[in-house]
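[1] Could you work out the structure for the sequence below:
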Amino acid sequence: MRSRVNPQKAQGWLYLYFPSFYRHSLLSLASEPLAILHGQGHHIIDHNISAEKAGITLDMPLASALYSCPNLITHTLDSSRLQHLLQQRALWAYQFSAQVSPDTQYAEQGHAGLWLEAGSMLRLFGGLEAFWRHIDDACRQQEWPVQLAAGLTPLAARLLARANRGFPSLEHATINSALQALPLLQLDFNAADTLALQRLGINTLGELLRLPLAELGRRINPNLVHTLQQLSGSKKHTLMQFKPPLNFHDNALFMYEVEHRNGLLFPLSRLLESLSGFLHHRQLSTRWLKLRLQHAEPPDTYWQFELVRPEYRHSELLNVCRYQLERKQLRAPVRELHLSVTRFLDRKAEQGGCLQDADTQATVYQVRDDAALLNRLQARLDEEQVQCLKATADPRPEKAWQTYSLQQAQHKTTHSIQARHAKRPLWLLPKPHPCPPPEHILHGPERIASGWWDDHAIRRDYYQVLCRQQLIWVFRDDHGQWFVHGYFG
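    Okay, here's the model as predicted:
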């Protein structure tokens, strides 16, 4: 979803230019020559270094390219896929700015860009340099080639980024100086306008700006004047603002078929990283992951991974998927991997205010760790092998608890055994053992008289006692005999 943005209300823009955007989205080996073909498949629009070493050049016809490099790997540009990839990149950038606008000006060459409104974010990040550094570091961590530039207008930021002449400054004089030095060939004018300007002896933007705009529009092209007015900010430059989608969908396209499940782990990690960012930005978590494995021949394979506790962190989502993959088998090689999440849970309930005390914060961390442990156990073991405990209404220690599955835990409210029986140990002996009368009684007695309805009646007085530096739970029956029934941790 998109809405319009008024650049005149912004105090500055940052442009992220992603050269060879489409090519870098493909999971290919750098050592093998790869070329991206135009949508109609007739000529080369992008290639990697290995292809360049083999003599491949831009705009080279496909037949000539294959003659020069018979082992050249080719992939035709899919414009719809590029749009989807750019939407995912915009979702990632949403963590840095509330106004993100995708730019498809260079989509036909396999490149892409994003505008980020910077003026309102400087105070939050501590200045433009810190804002710039956060974004640049994040791109490096993702191994995304990027060229950054700042500008007082969207077009100024884009031109400087495209020319790779960006710097973290919004000073008018500094930006204007950098813009005027741009060569004419880096201004994205059409070929006819560029040639006409060169015949007039114009080679840089600075020389072009010295000409009267009215005369320029009359002699060359009125659209040229419109572009220069957008560059200066005197003419409105309308951008389409990105809005995060309600559901998550992403996919990874393989240059080669993946024949083993372990080969899915790396691309799946990238998809989960994108999902984690999506969940983090919207303050959500999920328990339901849907994977679709696309093969050369139908039908596709569908896997659903269900977590027992909600999660949003990339590392934990990856751990669960890794364990789940160990239990899966591929029926056929995989060409494309899709990840979808359409069901979410609100994560705000687990977050407290900024004035949380240390104990409350520790409890939040403990809950997260417990959830991660349960998710890992369930992913590695069969469902019946992982059981939880819950308190029952029966006061008899042997029958005061029962087990239930992790899946059942999602549909019922249970009570903590520890809270209900705070003075009882969690470790009970299978059968009480006789013992001598205790010498150091700490608490008690607790009278338990119950079970008359099922012919297992008991009548006991329970005590907490200290014996040889060990806290134990003992009872005395109606006959005056003492027994050990459990140990405290």
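[2] Report the secondary structure state of S269.
    With DSSP: H, G, I helix; E, B strand; the rest coil as the basis, S269 sits in helix.
[3] If you could redo that for Q464, that was the one I meant.
    Q464 ends up strand, using three-state DSSP.
[4] need the contact list for it.
    K423, I441, L442, H443, G444, L471, I472, W473, F488 (CB atoms under 8 Å, 6 or more residues apart in numbering). From N, CA and C alone the C-beta is placed, and that goes for glycine too.
[5] which residues of the stretch 1-150 of the chain fall in helices?
    21-25, 49-53, 62-68, 79-93, 122-125, 128-142 (DSSP state H, counting those that start in this stretch).
[6] now those helices as CSV including mean neighbour count and distance to A35?
    Shown next, in CSV, are those (neighbours: other CB atoms under 10 Å; distance: least, CB to CB, whole Å):
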stretch, mean neighbour count, distance to A35
helix 21-25, 21, 9
helix 49-53, 16, 5
helix 62-68, 15, 6
helix 79-93, 18, 16
helix 122-125, 13, 39
helix 128-142, 16, 24
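[7] ok so, going back, among the contacts of Q464, which ones are in strands?
    I441, L442, H443, G444, L471, I472, W473 (DSSP state E).
[8] quick check, nearest of the residues you listed to L187?
    Checking the ones in strands among the contacts of Q464 against L187 with CB to CB, the nearest one is L471 at 80.8 Å.
[9] so that closest one sits right up against Y463, yeah?
    No: when contacts are counted by CB atoms under 8 Å, L471 is not listed as touching Y463 (11.0 Å).
[10] circling back to that earlier point, please name whichever of the helices of the stretch 1-150 of the chain is nearest to T238.
    Closest among these, using CB to CB: helix 79-93, at 17.0 Å.
[11] and that closest one, average pLDDT?
    For helix 79-93, mean pLDDT is 93.
[12] which helices and strands does it pack with?
    Here helix 79-93 touches helix 21-25, strand 100-103, strand 112-117, helix 128-142, strand 239-242, strand 248-258, helix 265-282, going by 3 or more CB pairs under 8 Å, 6 or more residues apart in numbering; DSSP states H and E.
[13] can you list contacts of the last one?
    Right, the one you point to is helix 265-282. 27, 88, 91-92, 94-95, 142, 244, 248, 250-252, 254, 285-286, 291, 312-314, 317-318, 321-322, 325, 337, 339, 341, 344, 347.
[14] Just the buried residues from these, in PyMOL please.
    Of the contacts of helix 265-282, the buried ones can be selected in PyMOL as follows, counting by 16 or more other CB atoms under 10 Å:
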select buried, resi 27+88+91+92+94+248+250+251+252+254+285+286+291+312+313+314+317+318+321+322+325+337+339+341+344+347
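[15] Name the residue in L471 and Y463 with the higher neighbour count.
    Higher neighbour count among L471 and Y463: Y463, with 20 against 16, using other CB atoms under 10 Å.
[16] can you pull the contacts of the more buried one?
    Shown in contact with Y463 (CB under 8 Å, 6+ apart): P438, I441, L442, H443, G444, P445, E446, W473, V474, F475, R476.
[17] what would these look like in CSV with neighbour count and distance to A163?
    Converted to CSV, these look like this (neighbours: other CB atoms under 10 Å; distance: CB to CB, whole Å):
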residue, neighbour count, distance to A163
P438, 18, 85
I441, 13, 84
L442, 11, 79
H443, 12, 78
G444, 17, 82
P445, 13, 85
E446, 16, 81
W473, 25, 77
V474, 24, 83
F475, 24, 84
R476, 17, 89
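[18] Quick one: those as a markdown table, columns for distance to L187 and pLDDT too.
    Converted to a markdown table, the contacts of Y463 look like this (distance: CB to CB, whole Å; pLDDT from 0 to 100):
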| residue | distance to L187 | pLDDT |
| --- | --- | --- |
| P438 | 92 | 92 |
| I441 | 91 | 91 |
| L442 | 85 | 92 |
| H443 | 85 | 90 |
| G444 | 89 | 85 |
| P445 | 91 | 92 |
| E446 | 86 | 91 |
| W473 | 83 | 94 |
| V474 | 89 | 95 |
| F475 | 90 | 96 |
| R476 | 95 | 95 |
